[in-house]
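K.L.:
Structure for the following, please:
(2 chains)
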Protein chains: 2
Amino acid sequence: MKNVAITKLRINYKTLEEFKQFKEYGNQELSMLEDLRTNMIENDSESPFYGVYFGDRLIARMSLYTVTEKYDQFFDPPQDYLELWKLEVLPDFQKKGYGQALVKYAQEFNMPIKTNPRINSHGFWKKMGFETASYNMERDLGENPLIWMPKGVSEHK
Amino acid sequence: MKNVAITKLRINYKTLEEFKQFKEYGNQELSMLEDLRTNMIENDSESPFYGVYFGDRLIARMSLYTVTEKYDQFFDPPQDYLELWKLEVLPDFQKKGYGQALVKYAQEFNMPIKTNPRINSHGFWKKMGFETASYNMERDLGENPLIWMPKGVSEHK
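P.N.:
Coordinates of the predicted model:
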């Protein structure tokens, strides 16, 4: 796999405009836009997004957030873990390793990861070492969580 | 809208076989099947699913679960609310009011409802009186929650 530069994205009008190209544009992006417009946040504030640029064009992104040990219902022993969402590569740039590079970047934090992928992406996640979490209705409701664990971590059962 | 009979579904091999026709078949259904196979649950156990039959064919379903006040992060005052997921009508039976009938059934409990709908279904939910919850990253992560509130309930901000 080629060497892909991963950038932590900052919230500004350019980034928020580029986000509109991604299918999973939703409440999160609209709320960032509103916060920027109403000066609730400053231009170039921190965001939970990481991205890949091709030239100066954003072509792939994901969001990462550290859920603290207190709220961990997935891993044993309970610990801080990463929630990963909105992993997406623009259509023209798919199947070139950008999605893999983003997930590998997340795995390099050496923390367990939980994600709730879209239907039909299980082949990709399996290749990246993720496995299906045992379904727990009270915890998962409509989710189909997948988890990845570094050495020494087990699933909480 | 015609009168549609809503049935609380029980977990048995027939129902689990019918679930396979729905797009959003996932960990939850696989886990029910496993629990039935290994006698972890009995045939005809309670399930969180409600459905609509056309003759003896299951043509629509949704899942409902009461989240207790202690975990309520959406409403003011904090209270028990319903989480609604996997609302789905089989393709041949869409646009005939079955989805509406299911959501109305949920609304008749007179509790607030939260759902995290699929992309592109916002028109339907808006018609049913749902509104977008203010995005809260720690709480919502990758979700785009919609909420519905009976009289006297507000959104928690």
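
K.L.:
Chain B versus A:Tyr50, what's the distance?
P.N.:
14 Å (C-beta to the nearest C-beta, to the nearest Å). For the C-beta atoms, the positions are set from N, CA and C on the backbone; glycine is no exception.

K.L.:
and whichever strand or helix holds that residue, which residues are buried?
P.N.:
A:Tyr50 is part of strand A:45-54 when elements are defined by DSSP states H and E. Within strand A:45-54, the residues scored as buried using 16 or more other C-beta atoms under 10 Å in any protein chain shown are A:Ser47, A:Pro48, A:Phe49, A:Tyr50, A:Gly51, A:Val52.

K.L.:
Look up the pLDDT of the closest residue to A:Lys8 other than its chain neighbours for me, please.
P.N.:
In space, and not counting its chain neighbours, A:Lys8 is closest to A:Tyr50: 5.7 Å by C-beta to C-beta, 6 or more residues apart in numbering or on different chains. For A:Tyr50, the pLDDT comes out at 98.

K.L.:
Same check on the one 4 residues further on?
P.N.:
Reading off the per-residue confidence, A:Phe54 sits at a pLDDT of 96.

K.L.:
do the same with A:His122
P.N.:
88.

K.L.:
For it, which non-adjacent residue is closest in space?
P.N.:
A:His122 sits nearest to A:Leu146 (C-beta to C-beta, 6+ apart), 7.7 Å away.

K.L.:
which residues touch the nearest residue to A:Phe49 once chain neighbours are set aside?
P.N.:
Using C-beta to C-beta, 6+ apart and skipping the chain neighbours, the partner closest in space to A:Phe49 is A:Leu9 (4.1 Å). Contacts for A:Leu9 (C-beta atoms under 8 Å, 6 or more residues apart in numbering or on different chains) come out as A:Thr15, A:Ser47, A:Phe49, A:Tyr50, A:Gly51, A:Leu58, A:Arg61.

K.L.:
any idea how far the residue nearest to A:His122 lies from B:Tyr98?
P.N.:
31 Å (C-beta to C-beta, to the nearest Å).

K.L.:
is any part of stretch A:79-94 close to chain B?
P.N.:
Yes: judged by C-beta under 8 Å from any C-beta of the partner chain, stretch A:79-94 comes into contact with chain B through A:Glu83, A:Trp85, A:Lys86.

K.L.:
I misspoke; the intended subject was stretch A:35-42.
P.N.:
No: if you take C-beta under 8 Å from any C-beta as the test, stretch A:35-42 misses chain B, and the best it gets is 9.5 Å.

K.L.:
now that stretch, how far from the chain's geometric center?
P.N.:
In terms of C-alpha atoms, centre = their mean, to the nearest Å, the centre of stretch A:35-42 is set 23 Å apart from its chain centre.

K.L.:
Then stretch A:42-52?
P.N.:
Here the centre of stretch A:42-52 is set off from its chain's centre by 13 Å, with C-alpha atoms, centre = their mean.

K.L.:
Can you give the contact residues for it?
P.N.:
Contacts for stretch A:42-52 (C-beta under 8 Å, 6+ apart): A:4-13, A:15, A:32, A:36, A:58-65, A:86, A:98, A:101-102, A:105, B:137.

K.L.:
What residues does chain A have near chain B?
P.N.:
A:23-24, A:26-28, A:30-31, A:48, A:63, A:65, A:83, A:85-86, A:116, A:119, A:132-135, A:137-138, A:140-145.

K.L.:
In strands, which of those residues fall?
P.N.:
Those of the residues of chain A next to chain B mapping onto strands are A:Pro48, A:Ser63, A:Tyr65, A:Glu83, A:Trp85, A:Lys86, A:Thr132, per DSSP state E.

K.L.:
out of those residues, which one sits closest to chain B?
P.N.:
A:Trp85 (3.0 Å; C-beta to the nearest C-beta).

K.L.:
Could you list the buried residues of stretch A:119-132?
P.N.:
For stretch A:119-132, the neighbour count (16+ other C-beta under 10 Å) marks A:Trp125, A:Met128, A:Phe130, A:Thr132 as buried.

K.L.:
Repeat that for stretch A:66-84.
P.N.:
For stretch A:66-84, burial by neighbour count (16+ other C-beta under 10 Å) applies to A:Val67, A:Asp72, A:Phe74, A:Phe75, A:Tyr81, A:Leu82, A:Glu83, A:Leu84.

K.L.:
and that stretch, what's its mean pLDDT?
P.N.:
97.
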